[in-house]
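**Q** Model the following, please.
(2 chains)
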2 protein chains.
Amino acid sequence: MKKIWATVFILFLTTALYSQQALWGNQDITSPEINSDGTVTFRIQAPEVGKVQITGDFLPSQKADTPFGPSDAPGVADLVKGDKGIWEYKTPVPLAPELYSYSFIIDGLKTTDPNNVYMIRDVASVTNVFLIRGGRADLYKVNQVPHGTVSRRWYSSPKLNMERRLTIYTPPGYENSSKRYPVFYLLHGMGGDEEAWIALGRTAQILDNLIAKGKAEPMIVVMTNGNVSQEAAPGESSLGFYKPTMQLPKTMEGSMEQSFPDVVSFVDHDYRTLKSKQGRAIAGLSMGGYHALHISKEYPDMFDYIGLFSAAIMPDKRVSSPVYQNMDEKLKVQFSKKPKLYWIAIGKTDFLYKANEDYRKLLDERRYPYVYRESEGGHIWRNWRIYLTEFAPLLFR
Amino acid sequence: MKKIWATVFILFLTTALYSQQALWGNQDITSPEINSDGTVTFRIQAPEVGKVQITGDFLPSQKADTPFGPSDAPGVADLVKGDKGIWEYKTPVPLAPELYSYSFIIDGLKTTDPNNVYMIRDVASVTNVFLIRGGRADLYKVNQVPHGTVSRRWYSSPKLNMERRLTIYTPPGYENSSKRYPVFYLLHGMGGDEEAWIALGRTAQILDNLIAKGKAEPMIVVMTNGNVSQEAAPGESSLGFYKPTMQLPKTMEGSMEQSFPDVVSFVDHDYRTLKSKQGRAIAGLSMGGYHALHISKEYPDMFDYIGLFSAAIMPDKRVSSPVYQNMDEKLKVQFSKKPKLYWIAIGKTDFLYKANEDYRKLLDERRYPYVYRESEGGHIWRNWRIYLTEFAPLLFR
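**A** Predicted coordinates:
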């Protein structure tokens, strides 16, 4: 008997590293390394390549020629080759607390860092990420606080005659309570989907941390898919694995707005929600801001809190949906019902700055009240995360 | 008024591609391309590099020298450089239906395919994936069938004095039912975590598809984290982003087994479960098979269905946990209670084959009934997905 129990455990441990097929070809170095002084060192072992560069949003941006004239492009820095073919780049200065993204450029080819498994997808690009702790960035990290639940759910949209996928955050304690919670609908931009806010926007971490600090009310956050031609994010529908594209049909032609009550009905049916205007907020970034603007205007009794983050404002004149007719009258109705908060935020260098300025002028002329937040920077996720950390604390108070 | 509504929409569309920072540097090619005849073409645009190769589990494996003697290593093929610096490799034959993984090797550097956003992480390696439809592989894809919900939840483990994360699948219809469901606990291997089965194992797709075909009972599937020194998967705990390692402390020394009732209590409390032996199954791969063996033996009234997938069997003799004492007596008790299914599966070339053979001999000598499934291949995810598709239909019938 004892003989049969003779173990293969040592063999298991020693061969395990080799046996796991996916471990083959791995590098035994650390990249990125956050140094104690706040600088960051990037490394890659590539003895045979001629040149290694890094590009990322922590590098000073540079001017680049584009089809639309000169514009900002992410900065690029060279790595220096050292022993054993290990290339290295260390930032000259400490980096401010933030969630950063970067890619390596290997002899002109942009690719991922093989020593960093943390990546985010934005449309068809996958980049590596790292986080410098401190300040606002501590809201983006997982801390030892009570955690909400993040679920991927499918719901029926009768209006679209489609089963569709969404991401839903329920706050800590939701499952062991009989309480009803307010709901915040949070919409992505063009090229995004129901994974965008949870991955790029760090919604679960931000909400967990704000709620733990008492800075935001416990709330449900619903992250929808704003491309109504899609059932779900790329790779998550019956279309299988395909290359995601920026522009999809039926994103800004009224269908999202007209079918949105299907989402609200589903959430109110399947979750313990406050089923009232006072218990609902909606916000979105870029195209999602456009959706939030028009949805809140079409259903003026549905949302008491509206957030436009770097919002697109108006449809193409060729779009003939009734959603975009009689805008003046509809806005008048919406503001006559006195929403508790109409919040507009945009970065100073955002290409939608002028459109938002024009829209604010219109609201000013009509004396429709809103809160305006102008930030540095442009049309980037860094700003949208900031806006979320500032908008969520204003809700349901 | 009309003037103010003058649109920036066209500007928005035309600049959107450039403005989105993450889109910078993208390639306008498709890779991989699944051809109509079942062959697959891989492409990468890299005019400046000297050599591009591909390695993946669809290529014939090759013998490689290792510290443990000759062993199988993934095959490698060369891409050929064509116009515009686009390198290409087309498989010489159609590929059988399967979920495959691969990497490019750029002048000796193993990295990801910049045109394929679909990736899986296994320990510290990220590889691209693609799926050839048909046969069993149709169970791995998202089909137009009712979909269950996948949630990431945190629970309290009093035994470990820790908040821990798990992944839980609830079957289609769970949220709109008052029915109680059976629960299948599904455990990962060394180097894995609560993300392993859902990502690499395609658990949600397999369950959705089997349930839709009537081949599996609707069930809850709980995917735990078997590294009891960890709160959560890499990147999902307060440790932040760090390089994952294969071997962690406290994985096979009894703590996982001793704390497992905390998981069952949590699930039975927070979900509508069948709270009985008949309503519970447990299975695991490799280290998770070891956990399933020992947990089911330690708590002989807890599980009626036990699955050992390429299981490690016995602990290191230096491990002194009471969990591994009196094995003979405990197995006798477990089998005297007649579990409905004790299922052992392993591949012919698995390095744990002999250990499993010895264990089966022991069960045979004691006349303890079990079902044995021997497959081709070794210690790889392809087999663990197959075992899941075969084991799940046997449960709760």
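
**Q** Tell me where chain A has helices.
**A** A:9-19, A:196-199, A:203-212, A:255-270, A:287-298, A:327-336, A:353-365, A:381-391 (DSSP state H).

**Q** Need those in CSV (columns: mean neighbour count).
**A** Quick note: C-beta positions are derived from backbone N, CA and C, even for glycine. CSV is the format used below for these (neighbours: other Cβ atoms under 10 Å in any protein chain shown):
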stretch, mean neighbour count
helix A:9-19, 17
helix A:196-199, 25
helix A:203-212, 22
helix A:255-270, 19
helix A:287-298, 26
helix A:327-336, 15
helix A:353-365, 16
helix A:381-391, 22
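
**Q** Confidence-wise, which of the ones you listed is weakest overall?
**A** Mean pLDDT across the helices of chain A is lowest at helix A:9-19; the value there is a mean of 39.

**Q** Any idea how many residues pack against A:Thr245?
**A** 11 (other Cβ atoms under 10 Å in any protein chain shown).

**Q** As PDB, could you dump the C-alpha coordinates of stretch A:378-388?
**A** The C-alpha trace of stretch A:378-388 is given here as PDB (Å, rounded to 0.1, in the frame of the first residue of the first chain):
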ATOM      1  CA  GLY A 378      -8.000  65.600 -25.000                       C
ATOM      2  CA  HIS A 379     -10.200  62.700 -26.100                       C
ATOM      3  CA  ILE A 380      -8.500  60.000 -24.000                       C
ATOM      4  CA  TRP A 381      -9.400  57.400 -21.300                       C
ATOM      5  CA  ARG A 382      -7.300  59.200 -18.700                       C
ATOM      6  CA  ASN A 383     -10.000  62.000 -18.800                       C
ATOM      7  CA  TRP A 384     -12.900  59.600 -18.800                       C
ATOM      8  CA  ARG A 385     -11.600  57.800 -15.700                       C
ATOM      9  CA  ILE A 386     -11.200  61.200 -14.000                       C
ATOM     10  CA  TYR A 387     -14.700  62.300 -15.000                       C
ATOM     11  CA  LEU A 388     -16.100  59.000 -13.500                       C
END
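
**Q** Contacts for that stretch, please.
**A** Contacts to stretch A:378-388, defined as Cβ atoms under 8 Å, 6 or more residues apart in numbering or on different chains, come from residues A:57, A:72, A:98-99, A:122, A:136, A:140, A:186, A:197, A:200-203, A:206, A:283, A:285-286, A:307, A:309-310, A:345, A:347-352, A:373, A:375, A:377, B:19-21.

**Q** Among those residues, which lie within strands?
**A** Those of these mapping onto strands are A:72, A:98-99, A:122, A:186, A:283, A:285, A:307, A:309, A:345, A:347, A:373, A:375, per DSSP state E.

**Q** Mind splitting chain A into its structural domains?
**A** Domains of chain A are assigned by automatic domain parsing as A:23-132, A:149-394.

**Q** quick revisit: of all pairs in the ones in strands among the contacts of stretch A:378-388, which one is the farthest apart?
**A** Greatest spatial distance in the ones in strands among the contacts of stretch A:378-388: A:Asp72 and A:Leu186, 26.9 Å, computed using Cβ to Cβ.

**Q** These two: which has the busier surroundings?
**A** A:Leu186 (30 against 18).

**Q** so what's the more buried one up against?
**A** A:Leu186 makes contacts with A:Trp197, A:Gly201, A:Thr203, A:Val221, A:Val222, A:Met223, A:Ile282, A:Ala283, A:Gly284, A:Gly288, A:Leu388, as judged by Cβ under 8 Å, 6+ apart.

**Q** again with A:Lys51
**A** Per Cβ under 8 Å, 6+ apart, neighbours of A:Lys51: A:Asp78, A:Ile105, A:Ile106, A:Asp107, A:Gly108, B:Glu48.

**Q** likewise A:Lys215?
**A** So A:Lys215 contacts A:Pro393 (Cβ under 8 Å, 6+ apart).

**Q** Check A:Ile86 too.
**A** A:Ile86 neighbours (Cβ under 8 Å, 6+ apart): A:Ile29, A:Arg43, A:Ile44, A:Gln45.

**Q** Switch those residues over to a markdown table; also include neighbour count.
**A** Formatted as a markdown table, those follow (neighbours: other Cβ under 10 Å):
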| residue | neighbour count |
| --- | --- |
| A:Ile29 | 15 |
| A:Arg43 | 21 |
| A:Ile44 | 25 |
| A:Gln45 | 16 |
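
**Q** just checking: which of these also lie near chain B?
**A** Restricting the contacts of A:Ile86 to those within reach of chain B (Cβ under 8 Å from any Cβ of the partner chain) leaves A:Ile44, A:Gln45.

**Q** what residues does the stretch 151-300 of chain A put near chain B?
**A** Counting by Cβ under 8 Å from any Cβ, the stretch 151-300 of chain A sits next to chain B at A:151-154, A:163, A:165, A:172, A:175-176, A:190-191, A:232, A:234-238, A:240-241, A:243-244, A:246-247, A:252, A:270.

**Q** Got a quick PyMOL command for the buried subset of the residues you listed?
**A** Only the buried entries of those go into this PyMOL selection, using 16 or more other Cβ atoms under 10 Å in any protein chain shown:
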select buried, chain A and resi 151+152+153+154+163+165+172+190+191+232+234+235+236+237+240+241+243+244+246+252
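
**Q** Pull out the buried positions in stretch A:305-322.
**A** A:Tyr305, A:Ile306, A:Gly307, A:Leu308, A:Phe309, A:Ser310, A:Ala311, A:Ala312, A:Ile313, A:Met314, A:Pro315.

**Q** Quick check: closest non-adjacent residue to A:Ser339.
**A** One thing to correct before we go on: residue A:339 is Pro, not Ser. Closest residue to A:Pro339 apart from its sequence neighbours, by Cβ to Cβ, 6 or more residues apart in numbering or on different chains: A:Asp304 at 5.4 Å.

**Q** residues near the one you found, how many?
**A** By other Cβ under 10 Å, 22 other residues sit near A:Asp304.

**Q** before we move on, back to that, now distance to A:Ile132 too, for the helices of chain A, in JSON lines please.
**A** Output for these, formatted as JSON lines (distance: least, Cβ to Cβ, whole Å):
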{"stretch": "helix A:9-19", "distance to A:Ile132": "31"}
{"stretch": "helix A:196-199", "distance to A:Ile132": "19"}
{"stretch": "helix A:203-212", "distance to A:Ile132": "15"}
{"stretch": "helix A:255-270", "distance to A:Ile132": "35"}
{"stretch": "helix A:287-298", "distance to A:Ile132": "27"}
{"stretch": "helix A:327-336", "distance to A:Ile132": "41"}
{"stretch": "helix A:353-365", "distance to A:Ile132": "28"}
{"stretch": "helix A:381-391", "distance to A:Ile132": "12"}
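
**Q** The residue of the stretch 101-250 of chain A found nearest chain B and A:Pro244: what is the separation?
**A** The minimum distance from the stretch 101-250 of chain A to chain B, using Cβ to the nearest Cβ, falls at A:Asp122 (3.5 Å). A:Asp122 is 9 Å from A:Pro244, where distance means Cβ to Cβ, to the nearest Å.
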